[in-house]
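> what follows is a protein structure lacking sequence information:
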Ligand code: ATP
């Protein structure tokens, strides 16, 4: 599996929030997307997921151009998002939220049972109403919900936000289990050092444009690209 993003631009009304972004990610790789608040990171993920229309460019999954497809059709092809703020159904149980995640119809390594092995936090709370759980439990459930859809590409939008460091470490420890089955991960993360600790490649955005991208980048170079200083 290869995800190719080519010359992608998107925006909201008059505002072009993302301009001419290109990269490619292979099965099992982690791409960290970094940048300051408002740089366009979430906009990039939403455009890849099909929640936002591309103004220019294409999203190609394993040779198939999916740019014109709605989000639901991309999800059935395995392009799945863990959105910022989790977006669980708070009045449903954890198990019911996970069952909704299986609606991609995709079969693979991940089932409700196997995600429970990966996230004991979820296993212990299956019959609990999602809205009653702690932030960490909700985030684990949101990741598990995407996983049971057996993603080719899993996009994680700021999964660390507002969570205790110990929980965040646990999530990052699990990423290897996910990528080793071939899933590519696009990771939006405010904590740049944490993102770099797991990333195979980095894409740095500044005001909607690529300021730096590549593999094995030097931290000083990344810091300069992040803040837009030379
Ligand atoms: P953050 O870390 O704050 O989430 P981000 O890098 O994810 O930032 P985006 O959320 O993609 O940035 O926002 C990029 C630009 O698009 C910003 O100028 C933002 O104000 C604008 N924007 C984001 N969502 C909307 C929206 N729904 N309507 C209008 N403008 C939006």
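Sure, I can see it. It should be emphasised that the depicted structure is a prediction, and the values quoted were computed from it without experimental measurement.
> just give me the neighbour total for the closest residue in space to residue 107 that isn't next to it in sequence.
Distances taken as C-beta to C-beta, 6 or more residues apart in numbering place residue 150 nearest to residue 107, at 6.6 Å, with adjacent residues excluded. In this view, the C-beta of every residue, glycine as well, is placed from N, C-alpha and C. Residue 150: 22 surrounding residues under other C-beta atoms under 10 Å.
> and for residue 37?
Neighbourhood size, residue 37 [other C-beta under 10 Å]: 6.
> then residue 198?
16.
> quick one: contacts for the residue positioned nearest the centre of the chain?
By C-alpha atoms, centre = their mean, the chain has its centre lying nearest to residue 155, at 1.5 Å. Residue 155 makes contact with 45, 48, 49, 79, 80, 81, 82, 185, 186, 188, according to C-beta atoms under 8 Å, 6 or more residues apart in numbering.
> for it, which three-state class applies?
strand (DSSP: H, G, I helix; E, B strand; the rest coil).
> same check on residue 102?
Strictly by three-state DSSP, residue 102 counts as helix.
> quick check: phi and psi on the nearest residue to it once chain neighbours are set aside?
Leaving aside its sequence neighbours, residue 102 sits nearest to residue 148 (C-beta to C-beta, 6+ apart; 5.0 Å). Main-chain torsions, residue 148, degrees, to the nearest 10: phi -70, psi -10.
> relative to the ligand, how far out is residue 148?
Counting by C-beta to the nearest ligand atom, to the nearest Å, the gap from residue 148 to the ligand is 26 Å.
> residues touching that residue, list them.
Residue 148 is in contact with 98, 101, 102, 110, 111, 112, 115, counting by C-beta under 8 Å, 6+ apart.
> whichever of those end up buried, select them in PyMOL.
Buried subset of the contacts of residue 148, written as a PyMOL selection, criterion 16 or more other C-beta atoms under 10 Å:
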select buried, resi 98+101+102+110+112+115
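> inside helices: which ones of the contacts of residue 148?
Those of these mapping onto helices are 98, 101, 112, 115, per DSSP state H.
> could you check how far the second one is from residue 122?
Taking C-beta to C-beta, to the nearest Å as the measure, residue 101 falls 11 Å from residue 122.
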